[in-house]
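# sharing a sequence plus its predicted fold:
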Amino acid sequence: MKLTNLTSKAECKVGLSSRPHSLSPSLPHALVLALLLSSAWSRAAEVYPTLSLGGQTYTNVHVIQETPVELLFRADGPWWKRVKRQDLPDALRDRYPYDAEKAVEYERKQTEEVRRQREQQRQQIYQTLLRREKEIERQIEVKTRELTELQKEIRNWRSKPRGTPGRGKMLDQLIDQRIALEKYLDHLRKQLEGVQEQQKQWR
């Protein structure tokens with residue numbers, strides 16, 4: 001799953017005022033959901049009173065998440081930032097060292113996971129379209145039978161002698177029903193064409 005784009009490089013030095021201590025950070029709901037869906041993320045529990053970046057000092061800086069590739073920081077403001085492990089200042093590199101092999105393997109697994117999720121989504125959408133196709137076809141079949149019966153009834157009333165009580169009124173009603181039914185069948189057929197066209201995109 002793709003997280004909100006917070007990527008940017010740390011180009012300045014980080015200043016630490018004390019040793020980190022434990023903290024259970026509070027994340028926005030959408031970010032929490034995104035992180036829970038990615039098993040590759042490992043939860044950190046670090047907080048630094050201050051962090052200097054780009055000439056600006058941030059307070060109450062949390063290490064929200066860490067991967068073999070990067071760290072996600074949050075501070076008061078609110079302020080969010082991703083920093084590549086290679087770009088971490090010396091003060092943090094010992095605690096969060098960069099391992100190229102682990103980074104490559106992590107990114108490979110992330111790519112595979114994205115591919116797997118996309119394939120799963122494709123299959124789900126395609127199956128939904130197949131079910132929709134069958135439902136529309138069923139409706140067309142039902143309405144076509146209704147139209148056939150309606151046309152029989154119209155022919156039956158037309159065969160009655162002129163002057164038969166209620167003949168004209170009944171014919172008007174039946175013809176109106178036929179017109180409405182034909183329009184609905186045309187609508188269903190267009191829906192079916194649209195669904196079948198979408199299926200081509202998700203096969």
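On my side now, so go ahead. The structure displayed is predicted, hence computed values, not measured ones.
# so residue 158 makes contact with residue 170?
No. Using Cβ atoms under 8 Å, residue 158 and residue 170 do not qualify as a contacting pair, with a distance of 10.1 Å. All C-beta atoms are positioned from the backbone trio N, CA, C, and that covers glycine.
# ok, the two, which is more surrounded?
Looking at residue 158 and residue 170 with other Cβ atoms under 10 Å, you find the greater number of neighbours at residue 170, namely 16 against 12.
# the more buried one: which element?
Element membership of residue 170 [criterion: DSSP states H and E] is helix 167-202.
# swap in residue 106?
Taking DSSP H and E as the definition, one finds residue 106 inside helix 100-158.
# rounded mean pLDDT for that helix, please.
Helix 100-158 comes out with an average pLDDT of 97.
# which secondary structure elements does it contact?
Where contact means 3 or more Cβ pairs under 8 Å, 6 or more residues apart in numbering; DSSP states H and E, helix 100-158 is packed against helix 167-202.
# list the buried ones in the helix it packs on?
Counting neighbours by 16 or more other Cβ atoms under 10 Å, one finds that the buried residues in helix 167-202 are 170, 174, 178, 181, 185, 188, 191-192, 195.
# reformat those as TSV; add distance to residue 93 and pLDDT.
Output for the buried residues of helix 167-202, formatted as TSV (distance: Cβ to Cβ, whole Å; pLDDT from 0 to 100):
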residue	distance to residue 93	pLDDT
170	89	96
174	84	97
178	80	97
181	74	97
185	70	97
188	65	97
191	60	97
192	61	97
195	55	97
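# same list (the residues you listed) but as a markdown table, adding distance to residue 68.
A markdown table is the format used below for these (distance: Cβ to Cβ, whole Å):
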| residue | distance to residue 68 |
| --- | --- |
| 170 | 79 |
| 174 | 74 |
| 178 | 69 |
| 181 | 64 |
| 185 | 59 |
| 188 | 53 |
| 191 | 49 |
| 192 | 49 |
| 195 | 44 |
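# what's the closest of those to residue 51?
Using Cβ to Cβ, residue 195 is the member of the buried residues of helix 167-202 that lies nearest residue 51, at 53.3 Å.
# who's in contact with the closest one?
Applying Cβ atoms under 8 Å, 6 or more residues apart in numbering, one finds that residue 195 lies in contact with 129, 132-133, 136.
# contacts only, for residue 69.
Residue 69 makes contacts with 84-85, 103, 106-107, as judged by Cβ under 8 Å, 6+ apart.
# any chance of these in CSV with distance to residue 140 as columns?
Compiled in CSV, the contacts of residue 69 are given as follows (distance: Cβ to Cβ, whole Å):
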residue, distance to residue 140
84, 57
85, 59
103, 55
106, 51
107, 49
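# so which of those residues is surrounded by the most neighbours?
residue 85 (20 neighbours).
# where do the domain boundaries of the protein fall?
1-98, 126-202 (automatic domain parsing).
# please identify the deepest-packed of these.
Mean neighbour counts were taken over those using mean count of other Cβ atoms under 10 Å, and the top value, a mean of 15, falls to domain 1-98.
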